[in-house]
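Enquirer: pasting the sequence and the predicted model now:
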Amino acid sequence: MKKLGIISLFILLFIGFITVWHFSYKQGLEEAYVPITEEETIRFIPSEQGVFRRSEYALDYAKMPIDEEHQRSLVDYYDNKAFHGAPPSIPHEIKSEINMGGISCLKCHENGGYVSIFSAYAPVTPHPEMVNCRQCHVPQYTETLFKETNYEKVLAPLVGINNAFIGSPPVIPHQIQMKENCLSCHAGPSAPKEIRVSHPERVNCRQCHVLNNKEIKDIGNFKRNNNE
Amino acid sequence: MYTSLNNRRSFIKKMAILSAMTAAATMFPGIIFAEEQERNLPSGGDLDWKKSPCRFCGVGCGILVGVENGKAVAVKGDPNSSVNKGLLCVKGYHQTMCIQSKDRLTHALVKMNGAYVKTPINEALDLVANKMKETIEKHGKDSVAMYTSGQSTIPEGYVASKFMKGAIGTNNLDCNARLCMASAVTGFLTSFGADEPMGCYEDFEHADYYVTWGNNMAEMHPILFSRMLGQKNSRGAKIIDFATRTTRSSMASDKSILFEPQTDLAVGNAICYEIINNGWVNKSFVEKHCNFSKGLTNIGYGTEDKFKFKDKPEKINFDEYKAFLEDYTPEKVAKYSKVSVKDIKYLAAIYGHPNKKIMSLWCMGVNQHTRGTWMNNIIYNIHLLTGKISQPGNSPFSLTGQPSACGTAREVGTFTHKLPKGVVMNPKHRAKAAKIWKVPVERIPSKPTYHATEMFRAVDRGDIKFIWTQVVNPLVSLPKTSRYRPGMEKESCFVVVSDVFPTPTSDVADVILPASWHIEKSGLYGNSERRTQYWDKMIDGPGDTTPDAWMTIEVAKRMGYGDLFPYSEENHAEEIYNEYRQFHEGKKHGMAPLEVLKKQSGVMWPYVDGKSTQWRFNSKYDPACSNGEDFHFYGKPDGKAVIWQRPYEPAAESPDKEYPFWLNTGRVIEHWHTGSMTRRIPVLHKAMPHAYVEFHPDDAKALGIRNGENIKVTSRRGSCTLPASINERGLPTKGQVFVPFFDENMLINDVTLDSFCPISKEPDYKKCAVKVEKA
Amino acid sequence: MPIISYLAHPQEGKKVELLEALSIINQCEVIPAENKNLLIVVTDTNTDEDQESLKERIEAIESLKLLAMVSGFNTPKNI
């Protein structure tokens, strides 16, 4: 009798063990379920992202001294562009025709700096993520033309006339495509002197400076059909 | 602050000054060296610079307006204001340009035989007073109503309240702050018993993390966002953006977490669950200073007329609250909120970290919500459980949208149930109002009547036969304008509109009164951080324009209540403020005297013994604390704050087969609210000429929609046609579209739903179901 | 030619006296804080000895509680 009792006890224990293990296994499965989420295809807003880039250097920009002898002006800036907004041509000699991106151009143009051979500060690119630089930026190997042309350069936007009041923040008089990052051209020693800002530490530029370049149809002066 | 390299001495001097300023700022956050800034500002020539708060948002920046020959010709930030320290945003810099608009209302217009006739203002005011008297005689006191604004000045709100409640004797007074801050108010009152944030803007200089809950501060509170960015750069503070849409703020944040609309309730509870289960609760704080309560659930959405709701609070204990939160484990919440378990635990870990200071910031995403009160409570729960409240840097900060929603709407109390101190239901508060107003106490009615949405429903039903709106544009800003516009056009209601410009609301008016704009009158505003700011009249308005407060007083005089409004026309703002101050005397709410407000750029209340109270409820900083403990939540009778058990409930109208998209509405930085002022400012109009509907690129691709194509957005209530915008200013999540509401020619509020939070009565503009098709 | 910047803490309630006393001294520039009891002082002298005596003069002012140096630059003679 005793033997039967012990055996049945063990069988019960064994069944109990199987049941409890099974139950807890099922519970564990349920709680551990983590649904697979699809990777978001697009997450960024190109026109909005650029304004905050390089903002980690904003305080450094604010404290940087200006080198008046070696700074450039807007005339220099527009000099190597066919029209304002065009990709500038490369004004200096290039060592290799094959290299690309970080190992050639970005070495100097990602963060700028003084280059003594050219006695100038390297301009900072507003779009360092585009690494196939030579796709748009080419050198000029000759001064002469193949055939004469009628092409006339368009006037670039002027500085100093874009404020609504004296002292109010000027509107952005140029397109920002490919130039979403303000600090790269408007701050630091490589900035053209007419457009260098007095307050690079304020990084939310588009809080005060807006674009006024949308095509708008004049809808009249809000004339309502009830006022005389 | 530029120095030329050639002059080495002055450059070095500048460096020395800069390092001293930085050292000072680390020792005394919030320190200002204004003279230094003023030296570097462009000299204004011959201009006379006068100070004022900005006309626009609830940040309440100090501005200086340059006046020359009686015209406002320049605006700059006030370097003496601790709010903005000389910085403004694009709207602030150009605000005075709107008054030059050619279609400015300069004379009163009265509708006769379908056309508006120019009328001398006194005649128009006579007509308004007679019509009001007539309506009261024929249909009773509750057939007339006034609808004012969170942009009305403190004197304007006070006079409206005294007129309706003290003179005529009706509670038919509500304001548009019901549409923006009501949930924040009920959140404060249920959790703490006292309205308005307990922290101040100086918290930005102390906090280590800023968590924004469903608001886009880079565009809506730009100065505060710039302060956050400044702290990010100098101290390494982090910004976490928790929203239903990727925006400019997300671009600047350290982490951007997107959630499915309405599930912020669940995620908030999941954070509380994590805090409790990881042992991050500040046990002594909770035991000494918090009670637990729960209210009713399944409370409805208010879409029917005459919807009534009264909450029944019930005391519970910590264990019941803990058991309730078992439904909100991160794993369970992750399934329907589209927030990953990792992100929920990340947020909870930030709040639970014993040494980091957190500031939570929210505005319309949380308030314009069918469970807005609950959501406010949940965010306070998180801060109360961890004890991170009422200390520098630890601050749940409810941001205000309008410039004086705090100062006028909430403090003066231009709501159906409120008085300048307290509520109409309380006999002691009525007695105090009656004493200061010098009216018989029986005249002040004890039952609230209509909140904003219900007021316009009453106009539609014919129960209200006379309505006077001031400083507000309800036919663009109400939800479901497709019902309320025909309602206002009905013959049964006589509509009087006071405004600066013609708007869709003035289009249906019987009498249009020309109001003075901001700097054409004296006044006071109160901003988000309890700061009251005063300004003097700077220029004269054109034609017959008159301050709103004075027009109310003139009508009151014509109705025989002149003895209750014994103010002079030149100084009425000052006299009214001095009378209003009496309501708030005491350490808990004392307002500063006018001389102090005139000298300084603004002063926070409670103003006790010459000092502003920056952090309330903390006995180290708040002289009103009287229980001898380190925290005293004196809004509640037992001095303890309340942690509310609030569940997740679905939205009033979720997307379904027929209407498969969420519709979210909101704003853009260039335009203020309904655009009546900012669209008349050329710089701002050219920067953002019209509204649009934002799509996620995957949704646009599936529907074959291209950028700029005209799209018709339709709901069960109406439709609106707008051009599509894909990946331009903002990126909604998949299955959601976003439309800014500033454009009166693309009226998206024809499409929205007038469901509201049953406790606060604030409508939910952020969630309803729509379908889209090419137009 | 040292250029040195300091943070000056006035005695209780004596910010205005300290500001006046410092403004009289020629070789130092004072920038008061608007909302806290603190002033920035920048001294610009020709020699080290001048700088020492100027510092002693400033420290002798009664309304000054504490003068804490923040940064110092020594510039060579020819500039």
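Expert: Perfect, I can see it now. Numbering: from 1, shown residues only, chains lettered A, B, ... in the order given.

Enquirer: which bits of chain C sit near chain B?
Expert: C:1, C:3-7, C:29, C:31-36, C:38, C:40, C:42, C:44, C:70-73, C:75, C:79 (Cβ under 8 Å from any Cβ of the partner chain). All C-beta spots, glycine's among them, are computed from the backbone N, C-alpha and C.

Enquirer: is any residue of the helix or strand containing B:N664 near chain A?
Expert: For B:N664, the host element (DSSP states H and E) is strand B:661-666. No: remark: strand B:661-666 sits outside contact range of chain A, by Cβ under 8 Å from any Cβ, the gap being at least 15.0 Å.

Enquirer: can you list the strands that that strand pairs with?
Expert: strand B:736-740 (parallel), strand B:769-774 (antiparallel) (DSSP bridges).

Enquirer: any of the residues of chain C next to chain B buried? List them.
Expert: C:1, C:3-7, C:29, C:31-34, C:36, C:38, C:40, C:42, C:44, C:70-71, C:73 (16 or more other Cβ atoms under 10 Å in any protein chain shown).

Enquirer: so which of these belong to helices?
Expert: Counting by DSSP state H, none of the members of these fall within helices.

Enquirer: wait, does stretch B:484-493 contact chain A?
Expert: No: applying Cβ under 8 Å from any Cβ, one finds stretch B:484-493 separated from chain A by no less than 12.3 Å.

Enquirer: with stretch B:238-254 instead?
Expert: Yes: Stretch B:238-254 reaches chain A (Cβ under 8 Å from any Cβ) through B:246-248, B:251-252.

Enquirer: compile these into JSON lines and extend it with columns for distance to chain C.
Expert: As requested, the residues of stretch B:238-254 next to chain A are exported to JSON lines (distance: Cβ to the nearest Cβ, whole Å):
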{"residue": "B:T246", "distance to chain C": "38"}
{"residue": "B:T247", "distance to chain C": "33"}
{"residue": "B:R248", "distance to chain C": "31"}
{"residue": "B:M251", "distance to chain C": "33"}
{"residue": "B:A252", "distance to chain C": "28"}
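
Enquirer: hmm, back to that, so for the strand holding B:N664, mean pLDDT?
Expert: Averaging pLDDT along strand B:661-666 yields 96.

Enquirer: what does whichever helix or strand comes after it rub up against?
Expert: Following strand B:661-666 in sequence order, the next helix or strand is helix B:682-687 (DSSP H and E). For helix B:682-687, contacts defined as Cβ atoms under 8 Å, 6 or more residues apart in numbering or on different chains pick out A:164, A:171, A:210-214, A:216, B:90-91, B:94, B:97, B:670-671, B:678-679.

Enquirer: what about 6 Å?
Expert: The contact list for helix B:682-687 (Cβ atoms under 6 Å, 6 or more residues apart in numbering or on different chains) reads A:164, A:171, A:210-212, B:94, B:670, B:678-679.

Enquirer: need the residues of chain B near chain A, please.
Expert: B:2, B:4-6, B:11, B:42, B:74, B:76, B:89-90, B:93-94, B:102-103, B:116, B:222, B:226, B:229, B:233, B:248, B:251-252, B:502, B:683, B:686-687, B:689, B:697-698, B:727, B:731 (Cβ under 6 Å from any Cβ of the partner chain).

Enquirer: which of those are buried? Put it as a ChimeraX command.
Expert: Buried subset of the residues of chain B next to chain A, written as a ChimeraX selection, criterion 16+ other Cβ under 10 Å:
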select /B:11,74,76,89,90,93,94,116,222,226,229,233,248,251,252,502,683,686,687,689,727,731
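
Enquirer: centre of the chain to the strand holding B:N664, how far?
Expert: Here strand B:661-666 is found 20 Å from its chain centre; the criterion is Cα atoms, centre = their mean, to the nearest Å.
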